[in-house]
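Chemist: Have a look at this fold, sequence not included:
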């Protein structure tokens, strides 16, 4: 299954459109929030997940509260290599940053998604193309990607056009070119 997360290019606060063949969601960052706080909503304005940033001096840390009662903790494990973990009742997830603008997400030890981010960014318009297994949880993956984007971008809206090279540092795990969603 393919999905996309598109940050709106010119908005006063971070706003995102999340689309897949089976669902459409909208995410928005709270205005004047000291720590990152986002909500993911359905088209009829029902909250399906809330992302709360936690204060941490050394690494990114977030809590995800899903409307179905599940809670997850997401944090950076290896800053230099771009490894993030997300633990919750339905499994342990890891997001790996690869060379350039590519990422992969694993649930336990099995890859469930491959993500590519756009290199040419207009305004604050980051875009994430997601290839994922049909049984992967889009809400959890979206929370992880939104937390990653919140950590790595600024809300100043002053960028007109930027070209991003992505990761040029070391990788914890190589990108699997042969991986295909199931």
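Modeler: That came through fine. Since this is a predicted model, take the numbers as computed values, not measurements.

Chemist: Now that residue 64 has come up, it's in contact with residue 71, right?
Modeler: Yes: contact criterion CB atoms under 8 Å: residue 64 and residue 71 qualify, at 6.8 Å. Yep, even glycine has a C-beta here, placed from its N, CA and C like the rest.

Chemist: Adjacent strands (with direction) for the worst-scoring helix or strand of the chain on mean pLDDT?
Modeler: Taking mean pLDDT, DSSP states H and E as the measure, the helix or strand of the chain with the lowest value is strand 161-163, at a mean of 72. As defined by DSSP bridges, the strand partners of strand 161-163 come to strand 120-122 (antiparallel).

Chemist: Now the partner strand: buried residues?
Modeler: Residues residue 121 are the ones in strand 120-122 that count as buried (16 or more other CB atoms under 10 Å).

Chemist: who's in contact with that strand?
Modeler: Residues outside strand 120-122 that contact it (CB atoms under 8 Å, 6 or more residues apart in numbering) are 9, 159, 160, 161, 162, 163, 164.

Chemist: quick one: contacts for residue 46?
Modeler: Counted by CB under 8 Å, 6+ apart, residue 46 has contacts residue 67.

Chemist: could you measure it against residue 117, distance?
Modeler: Taking CB to CB, to the nearest Å as the measure, residue 46 and residue 117 are separated by 28 Å.
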